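**Student:** Provided below for reference: sequence and predicted model.
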Amino acid sequence: MKILVTGGAGFIGANFVHTTVEDMPDADIVVLDKLTYAGNPASLAGLERVTLIEGDIADPDTVDPLVKDADLVVHFAAESHNDNSLNDPSPFITTNIIGTFVLLEAVRKYGVRFHHISTDEVYGDLELDDPAKFTPTTPYHPSSPYSASKAGSDHLVRAWVRSFGVAATLSNCSNNYGPYQHIEKFIPRTVTNLIDGVKPRLYGAGLNVRDWIHVRDHNTAVWDIINKGEIGNTYLIGADGELNNLQVVQLILEEFGYDANDFVHVNDRPGHDLRYAIDNTSLLELGWEPEFKDFKAGLADTVAWYRDNEEWWRPQKEAVEAKYAKTGQ
Ligand code: NAD
Ligand code: DAU
């Protein structure tokens, strides 16, 4: 089986490539990745049966021959960070919307199976006490340029299924954590700050809730959807991991053996979504179960990974923090 993985040098895509190489000895993987600031070839180092092609998903001449040669396309590539989308939305539109369009045109032309990776953020946010969670029929209501661009890409995929018969499935997942996550994101930023003796930064009051899932559980769900999902359907991926940001910071401080109040409040994110929560019923119906049910244990593994792999993240640290300093975060 030949699998084209877009964005496979990023956080979730690289973890997907690692587990697929381990679990599927008959798979050959081509990674198409632009190697933006978020893509790191070191995340794929030493893997056999993996070819990394540096290129842009928004370029039809690059995409066409790679899709022609594939049995399956798993589409992770995106601009993925909300804070960046507030500073400069432009690459979010090009990569997330035009890039998805270019891939869809190629899978349509060659009749290749497509799986689209998306986010729970397309549904907007929930009140803290709302008993309802996001389901596949929740109306779209994105808040940021990032989530709006992902919403646009989801609509394109559904239109290409209905109008052109493209064989695609979609998944919208909640917040991932685990190894190889870029240190601009909340958990790795907090962990690497603490390794450097810098206090964690909490946006606003820290009451915003995210529904945390280990990246390996996200990726086993993606494989279940590819293998058992119904064409045209959307599956929500989540593992009942709701915690507010204050709780997460305090669990990380505890893991380091520091005082629970040893963090600082910084400027809030404009338009900051309050709460995400996933109803994963349709995924459970496929027989999927998460492996990482204990967030504290998964977090401890993740902290250990960042301690053990400083050479992977260290080159980015200064620039990431300089960028945050400009917005008072
Ligand atoms: P990431 O930012 O870590 O990685 C994105 C990868 O895409 C990078 O390797 C980057 O170089 C590549 N890329 C960017 N623009 C490209 C282009 N034009 N052409 C080719 N490659 C390009 O992102 P991530 O956190 O791994 O997210 C992967 C996917 O999962 C995204 O679609 C994101 O929306 C979705 N998602 C992420 C989370 C999360 O918690 N991180 C949760 C749900 C869904
Ligand atoms: O819900 C899925 C989404 O999760 C994905 O679609 C996105 O690609 C991914 O980046 C993530 O989005 P968030 O904006 O929720 O993740 P982030 O790690 O940026 O922030 C998590 C929460 O922590 C959010 O409420 C903002 C807050 N935060 C973030 C940083 C970097 C802090 O309080 N302090 C920080 O230093």
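**Tutor:** Right, received. Where do you want to start? Residues are numbered from 1 along each chain as shown. Ligands and ions are numbered 1, 2, ... in the order given.

**Student:** burial measure for the residue in the chain that ligand 1 sits nearest to, as a count.
**Tutor:** Per C-beta to the nearest ligand atom, residue 10 is where the chain lies closest to ligand 1, at 1.9 Å. (Glycine included, C-beta is placed from N, CA and C.) Applying other C-beta atoms under 10 Å, we find 26 residues neighbouring residue 10.

**Student:** distance check, it against residue 99.
**Tutor:** 13 Å (C-beta to C-beta, to the nearest Å).

**Student:** give the residues shared as contacts by these two.
**Tutor:** residue 77 (C-beta atoms under 8 Å, 6 or more residues apart in numbering).

**Student:** can the helix or strand residue 304 falls within be said to contact ligand 1?
**Tutor:** Here residue 304, judged by DSSP states H and E, is contained in helix 295-308. No. Using C-beta under 6 Å from any ligand atom, helix 295-308 stays clear of ligand 1, coming no nearer than 12.8 Å.

**Student:** output the contacting helices and strands for that helix.
**Tutor:** strand 176-177, helix 186-195, helix 245-256 (3 or more C-beta pairs under 8 Å, 6 or more residues apart in numbering; DSSP states H and E).

**Student:** buried sites along it?
**Tutor:** 295, 298-299, 302-303, 305-306 (16 or more other C-beta atoms under 10 Å).

**Student:** residues in contact with it?
**Tutor:** In contact with helix 295-308 (C-beta under 8 Å, 6+ apart) are residues 177-179, 187-188, 191-192, 195, 212, 214, 241, 243, 251-252, 255-256, 292, 313.

**Student:** so among those, which ones count as buried?
**Tutor:** Looks like the contacts of helix 295-308 have 177-179, 187-188, 191-192, 195, 212, 214, 241, 243, 251-252, 255, 292, 313 buried, using 16+ other C-beta under 10 Å.

**Student:** how many neighbours does the nearest residue to residue 107 once chain neighbours are set aside have?
**Tutor:** Closest residue to residue 107 apart from its sequence neighbours, by C-beta to C-beta, 6 or more residues apart in numbering: residue 114 at 4.6 Å. By other C-beta under 10 Å, the residues close to residue 114 number 27.

**Student:** okay, and the beta partners of residue 5?
**Tutor:** Beta-bridge partners recorded for residue 5 (DSSP bridges): residue 31, residue 74.

**Student:** show me what contacts it?
**Tutor:** Contacts of residue 5 (C-beta under 8 Å, 6+ apart): 13, 16-17, 20, 29-32, 73-74, 76.

**Student:** and those near ligand 1, which?
**Tutor:** Applying C-beta under 6 Å from any ligand atom to the contacts of residue 5, those adjacent to ligand 1 are 13, 32, 76.

**Student:** which one of these is nearest to ligand 2?
**Tutor:** residue 76 (10.5 Å).

**Student:** now the residue of the chain closest to ligand 1: how far from ligand 2?
**Tutor:** 10 Å (C-beta to the nearest ligand atom, to the nearest Å).

**Student:** which residues does that residue contact?
**Tutor:** Residue 10 neighbours (C-beta under 8 Å, 6+ apart): 33, 38-40, 43, 76-77, 80, 182.

**Student:** and what of residue 33?
**Tutor:** Applying C-beta under 8 Å, 6+ apart, the residues contacting residue 33 are 6-10, 13, 39, 52-55, 77.

**Student:** about what we covered before: with distance to residue 323, neighbour count and pLDDT added, can I get the ones next to ligand 1 among the contacts of residue 5 in a markdown table?
**Tutor:** Shown next, in a markdown table, are these (distance: C-beta to C-beta, whole Å; neighbours: other C-beta atoms under 10 Å; pLDDT from 0 to 100):
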| residue | distance to residue 323 | neighbour count | pLDDT |
| --- | --- | --- | --- |
| 13 | 23 | 28 | 99 |
| 32 | 27 | 28 | 99 |
| 76 | 23 | 25 | 99 |
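
**Student:** now do the contacts for the spatially most central residue of the chain.
**Tutor:** Nearest to the geometric centre of the chain sits residue 12, at 5.5 Å (C-alpha atoms, centre = their mean). Listed by C-beta under 8 Å, 6+ apart, the contact set of residue 12 reads 76, 117, 176, 215, 218-219.

**Student:** try residue 252
**Tutor:** 187, 190-191, 194, 200, 299, 303.

**Student:** mind checking pLDDT for it?
**Tutor:** We have a pLDDT of 98 for residue 252.

**Student:** any idea how far residue 275 is from it?
**Tutor:** For residue 252, the distance to residue 275 - C-beta to C-beta - is 20 Å.

**Student:** break the protein into its domains for me.
**Tutor:** 2-176+213-237, 183-210+242-271+292-321 (automatic domain parsing).

**Student:** pick the most buried one from these.
**Tutor:** Between the domains of the chain, domain 2-176+213-237 has the highest mean count of neighbours, a mean of 19, where neighbours are mean count of other C-beta atoms under 10 Å.

**Student:** span of that one from start to end?
**Tutor:** Using C-alpha to C-alpha, to the nearest Å, the end-to-end distance of domain 2-176+213-237 comes out at 25 Å.

**Student:** list the contacts of the residue located most distally from the centre of the chain.
**Tutor:** Farthest-out residue of the chain from its mean C-alpha position, per C-alpha atoms, centre = their mean: residue 259, at 30.4 Å. Residues near residue 259 by C-beta under 8 Å, 6+ apart: residue 253.
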